[in-house]
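# I'll drop the sequence and a predicted model, then ask my questions.
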Amino acid sequence: MKRLLFALLLLVLPSAAFAFDATRATRIGVLRGTDALQMDVAAALRNELRARGFEAFDAVRTYDEAVRDGAAVADYYVEIAGGDAGSSEYGGIGIGTRHVGVSLGVLVSRVAAEVRIYDGETMELVETHELTKRNTAVVPTSVGIGGASLFAYIALPYIERAQVRRVVRAAGRTAADIVADAVR
């Protein structure tokens, strides 16, 4: 009987020691925004925080809902508030031959938002930062094809959207830097 008890203790104690993990990653809940820009920056922020070793997740609620519910499931909450995004074309040049043409433009894309970091238990504001990102690139804005009597151009709006997505991802990286500095 004593041998059986001793054997069970040898099996149970090591597994109990491994079950206690003192190196738990910091849980960061990213609160929902009210518009598409906030949601896009929040998604990029979550991905960046996960890549840095944080346990980042979509809180599936806004700041007001988190305060009202009061259940602390994260060590910190992050909110992307406000925000503005857009692209502007500043000049351009058309290059063409007899049958093909391309229009190149200087495209400037901008994203601006506010990053708010809250304590997960009390929902008190820990830090707030203004976040602005900008990217300038020379990109093709339209292509054309034609002949002697007819020439047609087609705009390339997907290039503008790709540029805005690139700036949103850069804003997510910068927001992750801000959050990582604040919670460590």
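That came through fine. Numbering: from 1, shown residues only.
# tell me the helices in this protein, going along the chain?
All helices of the chain, identified by DSSP state H, fall at 2-19, 36-51, 63-69, 157-183.
# Distance to Arg110 and mean pLDDT for the ones you listed - can I get that in JSON lines?
For the C-beta atoms, the positions are set from N, CA and C on the backbone; glycine is no exception. JSON lines is the format used below for the helices of the chain (distance: least, CB to CB, whole Å; pLDDT from 0 to 100):
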{"stretch": "helix 2-19", "distance to Arg110": "49", "mean pLDDT": "53"}
{"stretch": "helix 36-51", "distance to Arg110": "11", "mean pLDDT": "95"}
{"stretch": "helix 63-69", "distance to Arg110": "25", "mean pLDDT": "89"}
{"stretch": "helix 157-183", "distance to Arg110": "7", "mean pLDDT": "93"}
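# So which of the ones you listed is nearest Ile28?
helix 36-51 (5.8 Å; CB to CB).
# coming back round to it: reformat the helices of the chain as CSV; add mean neighbour count.
Listed next are these as CSV, based on neighbours: other CB atoms under 10 Å:
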stretch, mean neighbour count
helix 2-19, 9
helix 36-51, 19
helix 63-69, 14
helix 157-183, 18
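# His99 is nearest to which of the ones you listed?
Across these, His99 has its closest neighbour in helix 157-183 (22.2 Å, CB to CB).
# okay, which residue is most central for this structure?
Geometric centre of the chain, nearest residue: Ala44, 1.7 Å, by CA atoms, centre = their mean.
# show me the contacts for the spatially closest residue to that one that is not a sequence neighbour.
Using CB to CB, 6 or more residues apart in numbering and skipping the chain neighbours, the partner closest in space to Ala44 is Gly172 (2.4 Å). Contact analysis of Gly172 by CB atoms under 8 Å, 6 or more residues apart in numbering lists 41-45, 47-48.
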